[in-house]
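>>> Need coordinates for the following:
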Amino acid sequence: MPPSPFFAQLAISFEPRRSAAYPSGMSHPSENPTADARALRLRLRKITGQLKGVEAMIEGTYDCAEVLNQLVSARRAIKSLAEKIINDHLEHCLKDPVAPETRRRQLKEVAVMLRRYVE
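Numbering: from 1, shown residues only. Just a heads-up that it's a prediction; the model follows:
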């Protein structure tokens, strides 16, 4: 079944930014990076499943309240995932003492990240 025109617009492709220090794509070391990545992928798969369910509802007959309920659930799941990533970043990337110019750069990055999150 071809995707609906509405959801075709949502197809997003990106290349994650790789850090020279952590070529796996993680911006910070982790005690168990494989498990961390697996947990994040699982969350993303659940969100994707929710959105595919919404797509199926829209392509067929659907109850508006149910569609909105599923969208709210997906939005909450995305918010929760973003908060997890923000929390991990704050705990892992900003805990060690660094030079003042490095700390200013880090705080500026966090400010940008939080500004984007609350938009």
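>>> where does the residue of the chain positioned farthest from its centre fall, helix, sheet strand or coil?
Centroid-distance maximum for the chain: residue 61 at 30.0 Å, with CA atoms, centre = their mean. Classification of residue 61 using DSSP: H, G, I helix; E, B strand; the rest coil returns coil.
>>> Now it: phi and psi?
Phi and psi for residue 61, reported as degrees, to the nearest 10, are phi -80, psi 140.
>>> remind me which residues of the protein are low pLDDT?
Counting by pLDDT under 70, the chain contains low-confidence residues at 1-30.
>>> what's the single longest helix in the protein?
helix 64-93 (DSSP state H).
>>> Could I get the buried residue list for it?
When neighbours are counted by 16 or more other CB atoms under 10 Å, the buried residues of helix 64-93 are found to be 70, 74, 77, 88, 89. C-beta: built from backbone N, CA, C; applies to glycine.
>>> so what does it touch, helix or strand wise?
helix 33-59, helix 100-118 (3 or more CB pairs under 8 Å, 6 or more residues apart in numbering; DSSP states H and E).
>>> ok, now how distant is the residue farthest from the centre of the chain from residue 109?
Using CB to CB, to the nearest Å, one obtains 47 Å as the distance from residue 61 to residue 109.
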